[in-house]
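Peer 1: the amino acid sequence is not available; the structure is as follows:
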């Protein structure tokens, strides 16, 4: 086929039906497609319509409504929603519902009407069309080799071990590059020039040599398919320990990895404008998620998430659920991606997988139920940063570092409403005033990477207050060790923020109140507490401090659930509401 699509974000076609760019005889072709398309039949295939006078009416597919306000005019071949004000012709409807550009919309309707898509103009467009034809022919060959009873048997066995069904293999056009040196070039020779195969990186040539050889050999082939169906390149995975594990197509005139999102061709059909896109790291993560039923999933293509990726997502959805691997590298990648997505104005939650897990292993083991469980417990951006930095901290004040990260994220958020909501959330999570955080974000925006002093000072003051409260508990337990069981019943060592206090509490909770051995943080703090004078009533001090720390923990849990409720629905929202009510009742009892 001769589809001139460079993939997501390529957008070089015209913005309307009268554009002059496109195939030879482009305007004639567009008008032929327009004349062959009945907008009532087209829209009626997706939206139940009934005749009302001279028009057809139905419920708008672009927003939720109970009373139909979406009108289709057969005479003018035009649609309009009187509620949300969207409107356009058949091409616009396909652009909006299929999430494609104008040329891709015309091409989809052209094929639907049985009208051949004309060749592109000579020059750059003709060259790109040739590359796309060669890439599609290669994908077809790889698919056939995977299906070959003998040649494809090891590759099919590998896919079966990974739990990928034949139906899924066909849906994603998975294939096999044979182990030989000339399987593909031999098959495509005569149909495409060596120059086209070399530029598409389907073939290679030794320096100074003239003959070509297959670039991909003995690998599982994953086509990189753009919205509309054009193959832009390949991800090629080794079967064993061969290096590199993945060999991806390089950048070309049709493939730009900083703009391309894998599985967007499938995912765009499963999302709505007010919905959410799940973003994962790997091809097989995305494939496994789709097979498990999480079809609103895309993956970056061998690169970090970019501003171009974020803009593509912004055109399609309101929010993103970042779901990277549970290892340290995946956590750091999520941290980097947060700023990119927030700066583009997207709502972001982070699905924090257990260490050692990835989306592929999770849904293979637990299916859709496993995904729903981790998605329901996703963190908002501020809470994820707070937890991640505290969890991975080594030295210094982790809370201060976490707040510095949040402030830098805030500095890149241009949308005023979203900025205010994030400031409110940061105030809740860190226990600082909104004014301090907002001023720090403005200073960070003006001063680059310089850390605003007001944040550091506020965090230090807060830390001194909380550290003193936690040390008061441990000091009281040193002088009244008989209350340790009371403390164990109400608190966990993780409830304490100060590193030394948390370490000593952990040791005491396990071994009892005594001096720990060695020279670590726990032992140093225990010696310090042992040198303090006994309070007049240490029991009252312990019980009062336990109560204050329990209230502090519950207040944080209440804020977290209220923040989660804003983006929840259905059973998840009901569960959060019940938990909020339970926590509120407990806090009320503690305050009386």
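Peer 2: Yes, it's here. Everything quoted here is computed from the prediction, not taken from an experiment.
Peer 1: going forward, measure contacts between C-alpha atoms and count neighbours the same way
Peer 2: OK.
Peer 1: residue contacts, residue 323?
Peer 2: 278-281, 334, 350-353, 359 (CA atoms under 8 Å, 6 or more residues apart in numbering).
Peer 1: read off the pLDDT value for it.
Peer 2: pLDDT, residue 323: 94.
Peer 1: same deal with residue 592?
Peer 2: Among the per-residue scores, residue 592 holds a pLDDT of 69.
Peer 1: ditto for residue 174
Peer 2: 98.
Peer 1: wait, doesn't it sit right on residue 141?
Peer 2: No: between residue 174 and residue 141 there is no contact under CA atoms under 8 Å: 10.5 Å.
Peer 1: give me the more crowded residue out of these two.
Peer 2: Between residue 174 and residue 141, residue 174 has the larger neighbour count (other CA atoms under 10 Å), namely 23 against 19.
Peer 1: which residues in the stretch 101-250 of the chain form helices?
Peer 2: Secondary structure of the stretch 101-250 of the chain by DSSP state H, counting those that start in this stretch: the helices cover 102-112, 124-147, 153-161, 166-171, 183-188, 194-199.
Peer 1: out of those helices, which comes closest to residue 234?
Peer 2: Minimum separation from residue 234 across those (CA to CA) falls at helix 124-147, 8.5 Å.
Peer 1: distance from the chain centre to the closest one, please.
Peer 2: Put simply, helix 124-147 sits 29 Å off its chain's centre (CA atoms, centre = their mean, to the nearest Å).
Peer 1: so what touches it?
Peer 2: By CA under 8 Å, 6+ apart, the surrounding residues in contact with helix 124-147 are 1-4, 119-120, 151-153, 155-156, 173-178, 184, 188, 192, 196-197, 199-200, 202, 221, 223, 230-233, 253-254.
Peer 1: can you list the helices of the stretch 101-250 of the chain in CSV and add mean pLDDT?
Peer 2: Formatted as CSV, the helices of the stretch 101-250 of the chain follow (pLDDT from 0 to 100):
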stretch, mean pLDDT
helix 102-112, 84
helix 124-147, 86
helix 153-161, 94
helix 166-171, 96
helix 183-188, 96
helix 194-199, 93
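Peer 1: want to throw these into JSON lines with distance to residue 428?
Peer 2: Formatted as JSON lines, the helices of the stretch 101-250 of the chain follow (distance: least, CA to CA, whole Å):
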{"stretch": "helix 102-112", "distance to residue 428": "45"}
{"stretch": "helix 124-147", "distance to residue 428": "52"}
{"stretch": "helix 153-161", "distance to residue 428": "46"}
{"stretch": "helix 166-171", "distance to residue 428": "44"}
{"stretch": "helix 183-188", "distance to residue 428": "59"}
{"stretch": "helix 194-199", "distance to residue 428": "54"}
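Peer 1: nearest to residue 536, of those helices?
Peer 2: Of all the helices of the stretch 101-250 of the chain, it is helix 153-161 that lies closest to residue 536, at 67.9 Å by CA to CA.
Peer 1: residue 295 is in contact with residue 289, isn't it?
Peer 2: Yes: contact criterion CA under 8 Å: residue 295 and residue 289 qualify, at 6.7 Å.
Peer 1: more neighbours: which of those two?
Peer 2: residue 289 (25 against 22).
Peer 1: re the thing from before, so for residue 78, which of the helices of the stretch 101-250 of the chain sits nearest?
Peer 2: Residue 78 lies closest to helix 102-112 among those, at 15.5 Å (CA to CA).
Peer 1: for that closest one, buried residues please.
Peer 2: 102-110 (16 or more other CA atoms under 10 Å).
Peer 1: out of those residues, which one sits closest to residue 517?
Peer 2: residue 104 (70.5 Å).
Peer 1: that older thread, the helices of the stretch 101-250 of the chain: which one's closest to residue 81?
Peer 2: Going by CA to CA, the one of the helices of the stretch 101-250 of the chain nearest residue 81 is helix 102-112, 20.5 Å.
Peer 1: elements contacting that closest one?
Peer 2: Contacts defined by 3 or more CA pairs under 8 Å, 6 or more residues apart in numbering; DSSP states H and E place helix 102-112 against helix 26-36, helix 90-98.
Peer 1: that one to helix 90-98, inter-axis angle?
Peer 2: 100 degrees (axes from the mean of the first three to the mean of the last three CA atoms, to 10 degrees).
Peer 1: residue 43 and residue 54, how far apart?
Peer 2: Per CA to CA, to the nearest Å, residue 43 is found 16 Å from residue 54.
Peer 1: please apply the same query to residue 214.
Peer 2: Going from residue 214 to residue 54 by CA to CA gives 60 Å.
Peer 1: more crowded one of these two?
Peer 2: Under the criterion of other CA under 10 Å, the comparison of residue 214 against residue 54 puts residue 214 first, with 22 against 10.
Peer 1: so who does residue 36 touch?
Peer 2: residue 113.
Peer 1: can you do 6 Å?
Peer 2: With contact set as CA atoms under 6 Å, 6 or more residues apart in numbering, residue 36 has no partners.
Peer 1: next, the closest residue in space to residue 263 that isn't next to it in sequence: phi, psi?
Peer 2: Excluding its sequence neighbours, the residue lying closest to residue 263 (CA to CA, 6 or more residues apart in numbering) is residue 298, at 5.1 Å. Backbone torsions of residue 298, given as degrees, to the nearest 10, read phi -130, psi 170.
Peer 1: test my guess that residue 298 contacts residue 262.
Peer 2: Yes: Residue 298 is within contact range of residue 262, at 5.5 Å (criterion: CA atoms under 6 Å).
Peer 1: residue ranges in the stretch 451-592 of the chain under the pLDDT threshold?
Peer 2: Judged by pLDDT under 70, the stretch 451-592 of the chain has its weakly predicted residues at 451-463, 566-567, 592.
Peer 1: just the helices in it please.
Peer 2: 453-479, 484-490, 499-511, 521-530, 538-565, 570-591.
Peer 1: save the ones you listed as CSV, and put in mean neighbour count and distance to residue 274 too.
Peer 2: Below are these laid out as CSV (neighbours: other CA atoms under 10 Å; distance: least, CA to CA, whole Å):
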stretch, mean neighbour count, distance to residue 274
helix 453-479, 18, 35
helix 484-490, 14, 42
helix 499-511, 19, 42
helix 521-530, 18, 49
helix 538-565, 17, 17
helix 570-591, 14, 16
